[in-house]
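[1] Quick one, what's the 3D model for this:
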Amino acid sequence: MGYGSDVAKESASIIITDNNFASLAAGIEEGRYTYSNLRKIIYMLISTGAAEIIMVFMALLTGLPLPFLPVQLLWLNLVTNGAQDVALAFEKGEKHVLNEPPRKPSQGIFDKLMITQTLISGSVMTLLTFGLWFHLLNNLNYAEAEARNIILLLMVLLQNFHVLNCRSERTSVFFLPFSNNYFVWIAIIVAQGIHILSMHMPFMQSLLNIEPVSLSEWLKLLATASVILVVMELYKKIYTNRLKQHPATA
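    Take a look at the predicted model:
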């Protein structure tokens, strides 16, 4: 305790400075919320990054042109994706984390749940973007630059939807209070707004090799990107049902 002797404090692992044992519970609560938010950020980063990398490899294997230019990958990871990653850190804690047993110190972040949801979400994003890339080039005979502009916008929209998935690994986004994280909604608007604005600015058009798209094209891409939200919502439903029926194996 805070009023203990100096010898006791030097040998202690934890010192409760306010001499209130209730502080232990508050500390555990904050620690679990912080750990949970770190998982959400890592989930977002790894899944979107994996989708981009795998898509590039698939293009190389099939002999197609590269779907993203290096500067476009930087744009995705540092600007549009970056704002949303930061916003996830402000997510309010989910109450279910306090009901879970203590986590083993040796347990890593990449547990079964993290690996599974990363693989599923990353695969869906890869299939959507690569499928459209292939369709635009081989079936619709789009020019590379024109097709790349559409694929880049699709990936930005996918990130906008996927950050909503990342707000919780188990709870449906439709059951999470809007007030739990205003920053994530602001980040989505900012990320999409910055990209659309860049598509109309001559300097950014030249830098990123992009151009404006019509409203109908944007709406079609928006509908396509929403698939990632639907798939992960279904996964959460299946996972939570399985967790209720078989807590030890989920």
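
[2] tell me which strands and helices the longest helix that the chain contains is in contact with?
    Looking only at the chain and at elements set by DSSP state H, the helix with the highest residue count is helix 22-62. Counting by 3 or more CB pairs under 8 Å, 6 or more residues apart in numbering; DSSP states H and E, the packing neighbours recorded for helix 22-62 are helix 81-88, helix 112-134, helix 144-165. For the C-beta atoms, the positions are set from N, CA and C on the backbone; glycine is no exception.

[3] got those helices as TSV, with distance to Lys236 and mean pLDDT columns?
    As requested, the helices and strands packed on helix 22-62 are exported to TSV (distance: least, CB to CB, whole Å; pLDDT from 0 to 100):
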stretch	distance to Lys236	mean pLDDT
helix 81-88	16	90
helix 112-134	9	95
helix 144-165	8	96
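
[4] In CSV: these, plus mean neighbour count and distance to Gln205.
    Shown next, in CSV, are those (neighbours: other CB atoms under 10 Å; distance: least, CB to CB, whole Å):
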stretch, mean neighbour count, distance to Gln205
helix 81-88, 20, 21
helix 112-134, 18, 20
helix 144-165, 22, 9
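
[5] can you put those helices in CSV and add distance to Ala223?
    Listed next are the helices and strands packed on helix 22-62 as CSV, based on distance: least, CB to CB, whole Å:
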stretch, distance to Ala223
helix 81-88, 20
helix 112-134, 11
helix 144-165, 9
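
[6] Of all these, which one is nearest Val56?
    helix 112-134 (9.5 Å; CB to CB).

[7] got the angle between the closest one and helix 22-62?
    On the basis of axes from the mean of the first three to the mean of the last three CA atoms, to 10 degrees, helix 112-134 is oriented at 30 degrees to helix 22-62.

[8] So what touches helix 112-134?
    Helix 112-134 is contacted from outside by 39, 42-43, 46-48, 50-51, 54-55, 58-59, 62, 64, 67, 147, 150-151, 154-155, 158, 162, 165, 169, 224-225, 227-228, 231-232, 235, 239, using CB atoms under 8 Å, 6 or more residues apart in numbering.

[9] from the chain's centre, how far out does stretch 11-26 sit?
    The chain centroid and the centroid of stretch 11-26 are separated by 35 Å, computed with CA atoms, centre = their mean, to the nearest Å.

[10] In that stretch, which residues are buried?
    Within stretch 11-26, the residues that qualify as buried are Ile16, counting by 16 or more other CB atoms under 10 Å.

[11] pLDDT of that stretch, averaged?
    Along stretch 11-26, the predicted local confidence has a mean pLDDT of 75.

[12] do stretch 166-182 as well
    If you average the pLDDT values across stretch 166-182, you get 92.

[13] how far does it stretch from start to finish?
    14 Å (CA to CA, to the nearest Å).

[14] which ones are touching the residue nearest to the spatial centre of the chain?
    For the chain, the residue lying nearest the average C-alpha position, counting by CA atoms, centre = their mean, turns out to be Met44 (2.4 Å). The contact partners of Met44, by CB under 8 Å, 6+ apart, come to Asn81, Gln84, Asp85, Leu88, His162, Val163, Cys166.
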